[in-house]
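>>> All I have is the shape, not the residue letters:
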């Protein structure tokens, strides 16, 4: 009887905690999804519906005209290509240097390694606004203003610390016996890295690459500061261009935002298993 009596309150407490957890989870999901759903609704609304008071929850006259406006603008199509170029190049540069830096940090023992890794991670949180003016001056003297190289270089510099941190944590989880066997067969360090480590590190590399790509795809401050020509603008800078001095095309801006967000959602959905595996490996054994 005592066991039955004590288990009753425990079950009630567990149910209360579960109910609170699912309530919190529901509120959190709604808070995340609601803004995106509202922007989607705006992208399918006519201008009259957008200016209606109060605004309708569901567009009464759904239309794709806003998407026609967006894709009909050659500047936006060019901006999409620029974003792909900048984000892709930043990801490639960050992964290349990140792998070369993370492998020795994961395998070589030396004094101060923990402090070095902490310093790498601290650089990822350095306020970008604090270095805008010095970077602008340096890029002007080097003739790099209004070039892709300037944006790729600065995006890679800020993405590299997090890349090194993630890959170092993942490389630590890999067994050393495979490397030792490859070295016995006469493989060089570079051959071990490219032929043994990297094929086994696909989840970690994909995780780091996705995070870098999303960061570079969404970056606005550096692009808006260092790129003057509309031919070089990424989508984050081009979207505000749908506003003029006297009017703002809210529908086109919403359609452009959905268009820019959709590729990221597709990429994350396709690689979600590798993404979770990479993050969990670093979290459990990093």
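Perfect, I can see it now. Not measured: the values here are computed from a predicted model.
>>> Select the longest helix from the chain.
Looking across the chain with DSSP state H, the single longest helix is helix 2-43.
>>> Point out the other elements, helices or strands, that it touches.
Helices and strands touching helix 2-43, by 3 or more CB pairs under 8 Å, 6 or more residues apart in numbering; DSSP states H and E, are helix 250-270. Glycine gets a C-beta too; all of them are placed from N, C-alpha and C.
>>> Please name every helix or strand in contact with the helix it packs on.
helix 2-43, helix 47-50, helix 65-72, helix 74-107, helix 202-218, helix 235-238.
>>> For residue 135, which non-adjacent residue is spatially closest?
residue 154 (6.4 Å; CB to CB, 6 or more residues apart in numbering).
>>> Can you tell me how far the one you found is from residue 148?
Here the criterion is CB to CB, to the nearest Å. By it, residue 154 lies 11 Å from residue 148.
>>> Among the two, which residue is more densely surrounded?
The residue with more neighbours, out of residue 154 and residue 148, is residue 154; 23 against 16, by other CB atoms under 10 Å.
>>> For this protein, which residue occupies the most central location?
The centroid of the chain falls nearest to residue 214 when counting by CA atoms, centre = their mean (2.6 Å).
>>> Isn't that residue up against residue 263?
No. The pair residue 214 and residue 263 does not pass the contact test of CB atoms under 8 Å, sitting 10.1 Å apart.
>>> So residue 229 sits against residue 146, correct?
Yes. Residue 229 sits in contact with residue 146 when judged by CB under 8 Å, with a separation of 5.3 Å.
>>> Between those two, tell me which one has more neighbours.
Using other CB under 10 Å as the criterion, residue 229 and residue 146 rank with residue 146 on top: 15 against 9.
>>> quick one, what contacts that one?
Shown in contact with residue 146 (CB atoms under 8 Å, 6 or more residues apart in numbering): 226, 227, 228, 229, 232.
>>> from those, which would you call buried?
Neighbour-count burial (16 or more other CB atoms under 10 Å) is assigned, among the contacts of residue 146, to 226, 227, 232.
>>> Show me what counts as buried in the host helix or strand of the residue nearest to residue 135.
Of the helices and strands defined by DSSP states H and E, residue 154 is found in helix 148-171. In terms of neighbour count (16+ other CB under 10 Å), helix 148-171 has its buried residues at 148, 150-171.
>>> Nearest residue to the residue nearest to the centre of the chain in space, please, no chain neighbours.
residue 264 (5.8 Å).
>>> gap between that neighbour and residue 215?
Taking CB to CB, one finds residue 264 at 11 Å from residue 215.
>>> Mind listing the shared neighbours of the two?
By CB under 8 Å, 6+ apart, no residue touches both residue 264 and residue 215.
>>> So between those two, which is more surrounded?
Using other CB under 10 Å as the criterion, residue 264 and residue 215 rank with residue 215 on top: 19 against 15.
>>> Report the contact partners of the residue nearest to that one when sequence neighbours are not counted.
Closest residue to residue 215 apart from its sequence neighbours, by CB to CB, 6+ apart: residue 159 at 5.4 Å. Counting by CB under 8 Å, 6+ apart, residue 159 touches 90, 91, 94, 211, 212, 215, 216.
>>> A helix includes residue 111, no?
No. Read with DSSP: H, G, I helix; E, B strand; the rest coil, residue 111 is coil and lies in no helix.
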